[in-house]
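> From the sequence below, what's the structure:
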Amino acid sequence: MNELAKKKYIIHNVKNTLYKANVTISQLVVNSVANELYKEYEKCLEKEQKYLLGSDEMVKLLWDKHVANKEKELLKEI
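Prediction:
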């Protein structure tokens, strides 16, 4: 799978997960979250990337990584 196909797959998967969440989320927020989670995917090692692509819980795992990184950034500021 080439890089563009991976990016589209991940962003599509994130958007679908957020739309199925049964809450009202604006399209702008959904797009922003999808792009941020794709950036988290890009930061992962190649082995982790392969695991994430095959995982049913890809969105949850990427979200957890994103939250952990944001917590680290906030702690550095304090």
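
> just the helices in this protein please.
3-19, 27-43, 46-54, 58-77 (DSSP state H).

> CA atoms of the third one as PDB?
As requested, the backbone C-alpha atoms of helix 46-54 are provided in PDB (Å, rounded to 0.1, in the frame of the first residue of the first chain):
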ATOM      1  CA  GLU A  46       7.500   1.200  10.900                       C
ATOM      2  CA  LYS A  47       6.700  -1.900  12.900                       C
ATOM      3  CA  GLU A  48       4.100   0.000  14.900                       C
ATOM      4  CA  GLN A  49       2.600   1.400  11.700                       C
ATOM      5  CA  LYS A  50       2.100  -2.100  10.300                       C
ATOM      6  CA  TYR A  51       0.500  -3.200  13.500                       C
ATOM      7  CA  LEU A  52      -1.800  -0.100  13.600                       C
ATOM      8  CA  LEU A  53      -3.000  -0.700  10.000                       C
ATOM      9  CA  GLY A  54      -4.000  -4.200  10.800                       C
END
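
> mean confidence score for that helix?
Average pLDDT, helix 46-54: 90.

> Between helix 3-19 and that helix, find me the angle.
Per axes from the mean of the first three to the mean of the last three C-alpha atoms, to 10 degrees, the angle that helix 46-54 makes with helix 3-19 is 50 degrees.

> And for the second one?
Orientation note: helix 27-43 sits at an angle of 130 degrees relative to helix 3-19 (the same axes, to 10 degrees).

> Which strands or helices does helix 27-43 pack on?
helix 3-19, helix 58-77 (3 or more C-beta pairs under 8 Å, 6 or more residues apart in numbering; DSSP states H and E). All C-beta spots, glycine's among them, are computed from the backbone N, C-alpha and C.

> The ones you listed: which one's closest to Asn31?
helix 3-19 (7.7 Å; C-beta to C-beta).
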